[in-house]
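*Asks:* Build me a model from this:
(3 chains)
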Amino acid sequence: MSTTPLHDWNLEPEAAIALQRRLAGRVEHADRLDPVRRIAGVDIGFEEDGAVTRAAVVVLAWPPATGGAFEVVEQAVHREPTRLPYIPGLLSFREVPGALAAFDKLSSRPELVMVDGQGIAHPRRLGVASHLGLWLDLPTIGVAKKRLVGRHGPVPEGRGDWTPLVDDGPRGEEVIGAVLRSRARVKPVFVSPGHRIGLETAVAWVVACLGKTKLPEPTRLADRLASRRDEKRR
DNA sequence: GCGACAG
DNA sequence: ATCTTGTCGC
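*Replies:* Here you go, the predicted model:
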């Protein structure tokens, strides 16, 4: 993939959208995973009233130890001035640069990455997970807490159950993700392929990484580190 | 004009 | 995303 620094990109909305259209065509929708030994979780948080972007990456060992506990192989945090405000559909331009910088601090390279946000469940099929996957050239999965686009029917109640998230594309209706019941009696999460992975495989990995909470461990731990829940809760 | 709208 | 106390439940 291109190594063009994102800060060199023209971030005018029209240009950003045109770029997303081009990049979407490069996203791979079939599984192309190496044997998985490490899974990374990525998330971005903010400090100083949003003036500072805080990107966090947590690498977990796969498989988890008997009992379900995941071993944290390593983690990294990168802070930088926030580049852009939040604009639905253009989240990548706000969060990917920081995420890449955080990845640069890692000494190991994961074989799979889970991102807090959408994958192809995006207006132009290029959510933050897909965008990051292209730049890292790694399989990525988008795990979002809310819906950005698409529609779906009732979500089955059992943990691990899911219903397809569909949206209309150039060639008619297409499945862009899964609305997954990651935990009984809790609002579902939106799982969508980011890059180099298909929907079924993506859902299987998310379910395999579920602990006791709504979010899969990689994303949950990255979220905690990005929002520094540790120091805060006191 | 009125909603919808990842984080 | 972020600001935040208590509270219900396993």
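*Asks:* how long is stretch A:96-113 end to end?
*Replies:* Start to finish, the residues bounding stretch A:96-113 are 13 Å apart (CA to CA, to the nearest Å).
*Asks:* meant to ask about stretch A:161-177, not that
*Replies:* 13 Å.
*Asks:* and that stretch with DNA strand B, contact?
*Replies:* No: using CB under 7 Å from any atom of the strand, stretch A:161-177 stays clear of DNA strand B, coming no nearer than 10.9 Å. Yep, even glycine has a C-beta here, placed from its N, CA and C like the rest.
*Asks:* How about residues contacting that stretch?
*Replies:* A:118-122, A:125, A:142, A:147, A:149-156, A:178-181, A:188, A:190-193, A:199, A:203 (CB atoms under 8 Å, 6 or more residues apart in numbering).
*Asks:* Could you tell me which of these count as buried?
*Replies:* A:118-122, A:125, A:142, A:149-150, A:152, A:178-181, A:188, A:190-193, A:199, A:203 (16 or more other CB atoms under 10 Å).
*Asks:* Among those, which lie within helices?
*Replies:* A:Leu199, A:Val203 (DSSP state H).
*Asks:* Intersect the buried ones among the contacts of stretch A:161-177 with the contacts of DNA strand C.
*Replies:* Near DNA strand C, by the rule CB under 7 Å from any atom of the strand, you find none of the buried ones among the contacts of stretch A:161-177.
*Asks:* Please list the members of the buried ones among the contacts of stretch A:161-177 that lie in strands.
*Replies:* Mapping the buried ones among the contacts of stretch A:161-177 onto strands (DSSP state E) picks out A:Gly142, A:Ala178, A:Val179, A:Leu180, A:Phe190, A:Val191, A:Ser192, A:Pro193.
*Asks:* Which pair in those residues has the greatest spatial separation?
*Replies:* Largest separation among these by CB to CB: A:Val179 and A:Pro193, giving 14.2 Å.
*Asks:* helices or strands up against the helix or strand of chain A with the lowest mean pLDDT?
*Replies:* The helix or strand of chain A with the poorest confidence is helix A:229-232; it has a mean of 78 (mean pLDDT, DSSP states H and E). Packing partners of helix A:229-232 (3 or more CB pairs under 8 Å, 6 or more residues apart in numbering; DSSP states H and E): none among the helices and strands.
*Asks:* Would you list the phi and psi of A:Ile44?
*Replies:* A:Ile44 adopts backbone torsions of phi -120, psi 140, taken as degrees, to the nearest 10.
*Asks:* Excluding sequence neighbours, find me the nearest residue to it.
*Replies:* A:Glu95 (4.5 Å; CB to CB, 6 or more residues apart in numbering).
*Asks:* residues near the one you found, how many?
*Replies:* 24 (other CB atoms under 10 Å).
*Asks:* Is A:Phe46 in a helix, a strand, or coil?
*Replies:* Following DSSP: H, G, I helix; E, B strand; the rest coil, the label given to A:Phe46 is strand.
*Asks:* That one touches A:Thr82, doesn't it?
*Replies:* Yes: at 6.8 Å, A:Phe46 counts as touching A:Thr82 under the criterion of CB atoms under 8 Å.
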